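S.K.: Provided below are the primary sequence and the corresponding predicted coordinates.
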Amino acid sequence: MSLAAGLEEWERHLVDERDVSPHTRKAYLDDVGRFLAFLSGFAGRDPATVGADEVDVLAVRSWLAALRAEGHARTSIVRRLSALRSFYTFLQREGLAESNPARGVATPRTEKSLPVSLSVPEAAAVVEAPPGDSELGLRDRALLELLYATGLRVSELVGLSLADVDVPGRQARTIGKGRKERIVPFGEKAAEALAAWLPARLALLRGRRVRGEPLFLNSRGGRLTDRSVRRVLDQALAAAEVSRHASPHALRHSFATHLLSAGADLRTIQELLGHASLATTQKYTHLDVERLMEVYRKAHPKAEGED
């Protein structure tokens, strides 16, 4: 069977046998139709005369290369490859094709977007936003200070127990991904916020005992959750009048970015963040072009014209 005839069969299948919306069906057919149009130029033949098993991995790879050259986003390319795979899976199941050439092509990796990074003034305003005249306000300031001062993942933050934090020594012990333990230091501001929170924590407990002695408690005396930290940050962002949305992970990203901007090396930041691979750290710690140009102008002897 030719590819064009196979596409007509697939369209009937999508209409009659699959619970797909008209929009999704149109997208599937359009993506595969674009591949057939590419083949007419690539192979110099009408898709109506090209058999399903005449298409090989090279043709599929060439199509993806052409899409990249045309400037299509990786997400768009991944979607079109997925549609072609589904088309050939149908042809195989119906006995209309022996192999699936799209299966032999690796899915292009999509680039992960970096989280929002707050500026230094924004980060300072956010962590100082919670009021210091209530137990929960002291808790919120302490957890935000610690989050920004250490670059902890939010799951690591809420997992801290009293025994994990040495306030006088300004360091905390955490268990990160892969059950790997690491020690993270923190500065004077975070130490002061924690020292203010600990008496308030006792008052919040009101004599109750909590299993595991969590460092950060909710209003009922239980361990704080990831969702609660997100809510605390949202309130702090509003109080600090930072208009853009930022998740708790943005404070981790800001921690790494600000360290790198101040001259810290990537290996040190890798250890502090608990990354197994330096490549992961490099994705987190980007400097904008203006910052790079500023460093270049100050450091390179030929950056500025000489009289």
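M.R.: All right, it came through fine.
S.K.: for the host helix or strand of residue 238, buried residues please.
M.R.: Per DSSP states H and E, residue 238 falls inside helix 226-239. For helix 226-239, the neighbour count (16 or more other C-beta atoms under 10 Å) marks 228-229, 232-233, 236-237 as buried. Every C-beta, even on glycine, is put in place using the N, C-alpha and C of the backbone.
S.K.: ranges for the helices of the stretch 101-250 of the chain?
M.R.: Secondary structure of the stretch 101-250 of the chain (DSSP state H, counting those that start in this stretch): helices at 120-127, 135-150, 154-158, 188-205, 226-239, 248-261.
S.K.: what does the fifth one rub up against?
M.R.: If you take C-beta atoms under 8 Å, 6 or more residues apart in numbering as the criterion, helix 226-239 is touched by 126-127, 129-130, 140, 143-144, 147, 154-155, 157-158, 218, 245-248, 251.
S.K.: give me that answer again for 6 Å
M.R.: With contacts defined as C-beta atoms under 6 Å, 6 or more residues apart in numbering, helix 226-239 is touched by 126, 129-130, 140, 154, 248.
S.K.: so for the helix holding residue 238, mean pLDDT?
M.R.: Computed over helix 226-239, the mean pLDDT rounds to 94.
S.K.: how about stretch 144-157?
M.R.: Across stretch 144-157, pLDDT averages out at 94.
S.K.: now do stretch 278-297
M.R.: Across stretch 278-297, the average pLDDT comes to 60.
S.K.: which member of the buried residues of helix 226-239 is positioned nearest residue 200?
M.R.: Nearest to residue 200 among these is residue 232, at 14.7 Å by C-beta to C-beta.
S.K.: quick one: that closest one and residue 119, what's the gap?
M.R.: According to C-beta to C-beta, to the nearest Å, residue 232 stands 20 Å off from residue 119.
S.K.: make sure residue 118 is actually in contact with residue 255.
M.R.: No - using C-beta atoms under 6 Å, residue 118 is not in contact with residue 255; the gap is 9.8 Å.
S.K.: just the strands in this protein please.
M.R.: Using DSSP state E, the strands found in the chain span residues 165-166, 171-175, 181-185.
S.K.: who's in contact with residue 94?
M.R.: For residue 94, no residue meets the contact criterion (C-beta under 6 Å, 6+ apart).
S.K.: report pLDDT for it.
M.R.: 91.
S.K.: and it, how close does it get to residue 29?
M.R.: Here residue 94 is placed at a distance of 17 Å from residue 29 (C-beta to C-beta).
S.K.: now residue 156. Nearest residue, chain neighbours left out?
M.R.: Nearest non-adjacent residue to residue 156, counting by C-beta to C-beta, 6 or more residues apart in numbering: residue 174, 4.5 Å away.
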